[in-house]
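Asks: turn this into a structure:
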Amino acid sequence: MDLIYKFYRPLEVSRQYSVIDIGANVGYTALYFAQQSWCKQVLSFELFPQNIRAMQENLVLNSPSIQQKVILYPYGLGKKENIKSGGGIMASYFEHRDGISSMNKDFVRNYAPEEESKEIITRCEIRSASETLKRLVDDYKLTNIIVKIDVEGAEYEIFEDLAMHYPEFFQKVVKIVGDTHLGFDRFMDIIKPFGFEVVFKEPHADLTCPFELERICK
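Replies: Okay, the predicted model is just below:
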């Protein structure tokens, strides 16, 4: 993982945390978090069937104690208003780029315009972020949540949906980490009203930006 998710501001080690892993890819971060002593469970969401199959294969290579921490949901999250009947969308998958995938055409045009011809258009399932996470937070009685998000441009609509339809979610979140892909300020404008501050960010010329946020209004 190249320490990409080693927190710049450490967690309180006396607590247990649950990770919501949005954009699990083939399971790299889910497995990393599941190995941490503070991690109670990882709820992972992955949109693309190709990545889902690879993640399932990767999970079984690990010990039962690690496997049991990871719960994989084989669908993506999105904005309630954008989800059509049946929850299916057509999205872009780049097999040769380690499973990079996106349902956001702006990301593809900005991040890899020279490779658009190599994209594999795949039908995927997507569900409302607010409705899905509300159900899971209630079912698992989640507190002390860490959100990891890396969804190649869909992060804005996911968090807009949460802000509009499930703002209570953010009261249970202690950290948000990941990458934005079409500008960090646009993402921060959604999050800041809920009491989050920037711990770390590293904007790149291609508009991607790894970041770590922490809620200061606890």
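Asks: C-alpha from now on. contacts and neighbour counts both.
Replies: Will do.
Asks: point out where the protein drops to low pLDDT.
Replies: Counting by pLDDT under 70, the chain shows low-confidence ranges at 1-4, 82, 84-87, 90, 92-118, 120, 217-218.
Asks: please enumerate the strands of it.
Replies: With strands called from DSSP state E, the chain shows them at 17-22, 39-45, 70-73, 76-78, 88-94, 100-102, 120-128, 145-149, 173-180, 196-201, 209-215.
Asks: tell me which of these sits most buried.
Replies: Greatest average neighbour count among the strands of the chain goes to strand 76-78 (a mean of 26), per mean count of other Cα atoms under 10 Å.
Asks: which helices and strands does that one pack with?
Replies: strand 120-128, helix 155-165 (3 or more Cα pairs under 8 Å, 6 or more residues apart in numbering; DSSP states H and E).
Asks: Serialize those to JSON lines and add fields for distance to residue 196.
Replies: What follows is the helices and strands packed on strand 76-78, written out as JSON lines (distance: least, Cα to Cα, whole Å):
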{"stretch": "strand 120-128", "distance to residue 196": "23"}
{"stretch": "helix 155-165", "distance to residue 196": "13"}
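Asks: between the ones you listed, which one is closest to residue 199.
Replies: Residue 199 sits nearest to helix 155-165 of all the helices and strands packed on strand 76-78, at 18.5 Å, using Cα to Cα.
Asks: what sits up against that closest one?
Replies: Outside helix 155-165, the residues within contact range by Cα atoms under 8 Å, 6 or more residues apart in numbering are 77-80, 128-130, 149, 169, 180, 186-187, 190-191.
Asks: circling back: now the strands of the chain in JSON lines, with distance to residue 56?
Replies: Compiled in JSON lines, the strands of the chain are given as follows (distance: least, Cα to Cα, whole Å):
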{"stretch": "strand 17-22", "distance to residue 56": "15"}
{"stretch": "strand 39-45", "distance to residue 56": "11"}
{"stretch": "strand 70-73", "distance to residue 56": "8"}
{"stretch": "strand 76-78", "distance to residue 56": "16"}
{"stretch": "strand 88-94", "distance to residue 56": "18"}
{"stretch": "strand 100-102", "distance to residue 56": "17"}
{"stretch": "strand 120-128", "distance to residue 56": "17"}
{"stretch": "strand 145-149", "distance to residue 56": "19"}
{"stretch": "strand 173-180", "distance to residue 56": "22"}
{"stretch": "strand 196-201", "distance to residue 56": "31"}
{"stretch": "strand 209-215", "distance to residue 56": "26"}
